[in-house]
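*Asks:* what follows is a predicted structure for the sequence shown.
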Amino acid sequence: MSQEEYVPPKVWNWETAESGGRFARINRPTAGAKYDRALPVGKHPHQLYSVATPNGVKVTMLFEELLERGIEGAEYDAWLIDIIKGEQFSSGFVAINPNSKIPALADHSVDPPRRVFESGSILLYLAEKFGAFIPEDPAGRTETLNWLFWQMGASPFLGGGFGHFYKYAPVKIKYAIDRYTMEVKRQLDVLDRQLAEHEYIAGDHYTIADMSIWPWYGCLALDRVYEVAEFLQVHEYENVQRWAKAIDARPAVKRARMVNSVFGKPENQLRERHDASDFEHRTWDKIGDE
């Protein structure tokens, strides 16, 4: 079926009904708070405001890995931000992240509390704060950061590009799907070639580079993102498959995927994460449902 050619007007006007398909209600061309609401603050040094999308899981992976190592200073409270309801536009959230995107972190171990936003920035901040999951030697640190920033630049093509046009766009546009499919498969090939020579993304050690990339590309390989395993033939990327499964088996990663999750069965979700013991004494106290 041919598509009617779109001729851009001289001046673009916002037409809400066509601005994002499923996400049209929350997508808008302006920034800033849309309503007043303070964010909850728990008892631990770190306050995480997020939801278990790939970008959110990156940060809970690091927190859970830090706790797995017995680092008590890494205790955190996790508060659900329902992005479909637009809770990322509250005054409290915007004060922490003016870009209104999850995840956002407030570090209350310092006075005044320090805001940290953008998932890559949060990973680097916590890794440096606790001296973990980032190499100390300049070569290893640089390679880790190479791949951390690779993910930050690459995954918008997977999520906002391929994922949007394949899964969420109100109409299927062959040109858009073909363009972003080609790019996603190229990215998978980049990772597959790197992992053919290294156990982990940045070398022989598990780092924040893996935590940044796995929730997107590892879960894509495991058919947890957009239901496109057959379409993308993800089984062909054997090294990515090996790496994705190895990280998926880590206990901290299994816990991390539960925190602030709104997906799947209740037993696979966890609200208001506090301590390591919370996984033995779960509560289902959802916030923001009013």
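*Replies:* Sure thing, it's come through.
*Asks:* residues in contact with stretch 172-190?
*Replies:* 3, 154, 157-158, 161-162, 165-166, 169, 217, 220-221, 231-232, 234, 237, 240 (Cβ atoms under 8 Å, 6 or more residues apart in numbering). Where you see a C-beta, it was placed from the backbone N, CA and C, and this is true even at glycine.
*Asks:* in helices only, show me those residues.
*Replies:* Among the contacts of stretch 172-190, the ones falling in helices (DSSP state H) are 154, 220-221, 231-232, 240.
*Asks:* returning to what we had before: buried ones among the contacts of stretch 172-190?
*Replies:* Buried by 16 or more other Cβ atoms under 10 Å: 154, 157-158, 161-162, 165-166, 217, 220-221, 232, 234, 237, 240, out of those.
*Asks:* which residues are in contact with D248?
*Replies:* 218, 222, 254.
*Asks:* ranking by neighbours, what's the top pick from the residues you listed?
*Replies:* G218 (25 neighbours; other Cβ atoms under 10 Å).
*Asks:* give me the neighbour count for the residue lying closest to it once chain neighbours are set aside.
*Replies:* Leaving out its chain neighbours, the residue that sits closest to G218 by Cβ to Cβ, 6 or more residues apart in numbering is A244, at 3.8 Å. By the measure other Cβ under 10 Å, the count of residues near A244 is 23.
*Asks:* mind listing what A244 touches?
*Replies:* Counting by Cβ under 8 Å, 6+ apart, A244 has contacts 214, 217-219, 221-222.
*Asks:* next: Y125.
*Replies:* Here Y125 is in contact with 105, 107, 116 (Cβ under 8 Å, 6+ apart).
*Asks:* could I get those residues as CSV with neighbour count, secondary structure and distance to E183?
*Replies:* What follows is the contacts of Y125, written out as CSV (neighbours: other Cβ atoms under 10 Å; DSSP: H, G, I helix; E, B strand; the rest coil; distance: Cβ to Cβ, whole Å):
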residue, neighbour count, secondary structure, distance to E183
L105, 25, strand, 30
D107, 17, strand, 35
V116, 22, strand, 29
